[in-house]
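# Need coordinates for the following:
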Amino acid sequence: MFNRLILFFICISLFLTTTHASELNTDEMIALGNFATEQQLEIENWQVTIKESVSVVKAEKSIELLKNEYSYEKKSTEKSIIYLFKNDHKTNGLDVLYKVILPTESSSQAEVIALLEGAEWSEEVKESYLITKNEIVHKLFTKLAQSYTCLTSVDNDIINGDVFIEKAINYFNLRHATTQYDNIAKSTIKKSFYGYTDLWDAFYSVDNKPINVQIAIIEDEAGNEKYTIGTPILIHEY
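The predicted structure follows:
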């Protein structure tokens with residue numbers, strides 16, 4: 001009986017470990033959402049950006065497809081024509097926006113961008129996110145598309161910047177750690193942390209080190225801090 005109990009607890013432990021690893025590997029946003037939930041972080045917002053360089057012909061087809069579903073705004077610059085599409089109906093705390101950039105020079109490639117974002121994370125939001133993301137990828141993108149994910153948490157009594165970084169290091173098993181301090185006047189970024197995890201394939205090489213996780217500690221004029229974690233790097237769209 002004692003041996004059976006030991007075997008039972010070992011099996012349960014292996015199941016939980018495997019489930020956790022499987023969820024981490026499945027999708028970057030799910031991993032970040034699970035991290036925030038387990039660490040009891042107060043989420044300010046999260047974003048997933050999918051972008052791909054395509055031919056002008058394919059971009060124009062995407063524009064016509066999106067015009068049939070969403071309201072849009074058209075902008076022109078010296079080098080491009082930009083179409084912005086927005087889904088006016090938020091579903092389960094999820095907003096979706098699209099941007100298609102057509103170059104004015106025929107020799108340049110166009111770009112198609114989709115942005116999924118929200119201000120909370122739950123099982124309902126996760127389910128809606130997965131369904132929506134899969135539909136978008138199937139409709140507009142190929143395997144060559146690049147994906148960037150980030151989540152921002154606000155400062156509270158439980159966690160500060162150093163604790164946030166330490167928890168992220170342990171949770172994602174980060175290696176090749178590098179920390180940079182921003183000395184630029186009036187910069188809101190107090191500190192940036194870079195690391196690498198084996199969980200995801202995409203990475204950038206910085207000083208001959210693989211990097212696919214970035215954390216930014218952001219401080220406003222009042223001294224309040226926010227913590228943004230992203231993979232493979234933090235980018236700003238829209």
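# going forward, measure contacts and count neighbours with C-alpha atoms only.
Will do.
# Next, work out how far apart residue 125 and residue 77 are.
The spacing between residue 125 and residue 77, counted by CA to CA, to the nearest Å, is 36 Å.
# higher neighbour count, the two?
residue 125 (18 against 9; other CA atoms under 10 Å).
# in terms of contact, does that one touch residue 93 like I think?
Yes - counting by CA atoms under 8 Å, residue 125 does reach residue 93; the two are 6.4 Å apart.
# what helix or strand does residue 133 sit in?
Secondary structure from DSSP states H and E places residue 133 in helix 123-140.
# for residue 164, same thing?
Under the criterion of DSSP H and E, residue 164 resides in helix 161-172.
# neighbouring contacts of that helix?
The contact list for helix 161-172 (CA atoms under 8 Å, 6 or more residues apart in numbering) reads 35, 155, 174, 175, 193, 197, 199, 215, 217, 225, 226, 227.
# Columns distance to residue 142 on top of those, output as CSV?
Formatted as CSV, these follow (distance: CA to CA, whole Å):
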residue, distance to residue 142
35, 28
155, 38
174, 29
175, 30
193, 31
197, 25
199, 22
215, 28
217, 33
225, 38
226, 34
227, 32
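# tilt between the lengthiest strand in the chain and helix 123-140?
Ordering each strand of the chain by length in residues (DSSP state E) puts strand 43-54 first. On the basis of axes from the mean of the first three to the mean of the last three CA atoms, to 10 degrees, strand 43-54 is oriented at 10 degrees to helix 123-140.
# where in the protein is pLDDT low?
Filtered on pLDDT under 70, the chain yields the residue ranges 1-26, 90, 183-187, 237-238.
# So which residues of it form strands?
Going by DSSP E, the chain shows strands at 43-54, 71-76, 80-86, 95-103, 110-118, 146-154, 175-181, 189-196, 204-206, 209-211, 213-219, 225-231.
# Next, the angle from the longest one to strand 146-154.
Right, the one you point to is strand 43-54. Put simply, strand 43-54 runs at 170 degrees to strand 146-154, going by the same axes, to 10 degrees.
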